[in-house]
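# Fold the following, please.
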Amino acid sequence: MPPRAKSISQLRKELATKKKQLKKARTRRAKLTAQLAAVDHEITKLTGKAAPARRKKARKAAKKAKRVKKVRKARKAGRKKSAKRTKATRRKRTTRKPLLTHLKLVLGRAKGGLRVKDAAAAVVKSGYTTKSKDFYSIVATTLRDKDNFRRVGRGIYKLKG
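Got it, this is the predicted structure:
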């Protein structure tokens, strides 16, 4: 005899059960990974040797598990996830020269002034590093500073003074 076809409601119940089981398994895996990271750290402290290669992955998984736990706790309390940066996503402050200094140097060399696009390219060429997707806008905003720069023409800026 062929197997009986399941109804849509039965399939939905089965899917919901599978989702719950998957959620529990993932939570358990995250906890175990965090424990493994702690043990690796303890071994490193005792032996003075670097932990195995899986240590980074384990540490990442442990941090992710903590964040997930925080989010769940916040949701249970009826609050939305805050836009505040966590320790894991905090940016490192650079110790290099700021953009303003680079722009002053670049525009100081250009006698007739520069367009924003050319100024951005010259700043990057002079050694300023950026990960910005829209660096042009950042340079344009900085050039609008009337204390340091003067607008000579449409889109052309010059060092003030």
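
# Averaged over its residues, which helix or strand of this structure has the lowest pLDDT?
With mean pLDDT, DSSP states H and E as the measure, the helix or strand of the chain carrying the lowest mean pLDDT is helix 54-76 (a mean of 75).

# Contacts for the next helix or strand after it, please.
The helix or strand immediately downstream of helix 54-76 is helix 99-109, counting by DSSP states H and E. Residues outside helix 99-109 that contact it (C-beta atoms under 8 Å, 6 or more residues apart in numbering): 113-114, 119, 122-123, 126-128, 138-139, 142-143, 145, 148-149, 157-159. (Each C-beta comes from the backbone N, C-alpha and C, glycine too.)

# So what pairs up with I156 in the strands?
I156 forms beta bridges with R115, G153, as assigned by DSSP bridges.

# Return the subset of the contacts of helix 99-109 lying in helices.
When DSSP state H defines the helices, the subset of the contacts of helix 99-109 inside them is 119, 122-123, 138-139, 142-143.

# From D118, how far out is R151?
Distance, R151 to D118, by C-beta to C-beta, to the nearest Å: 15 Å.

# any weak-confidence spans in this structure?
Along the chain, segments meeting pLDDT under 70 span 1, 50-58, 79-95.
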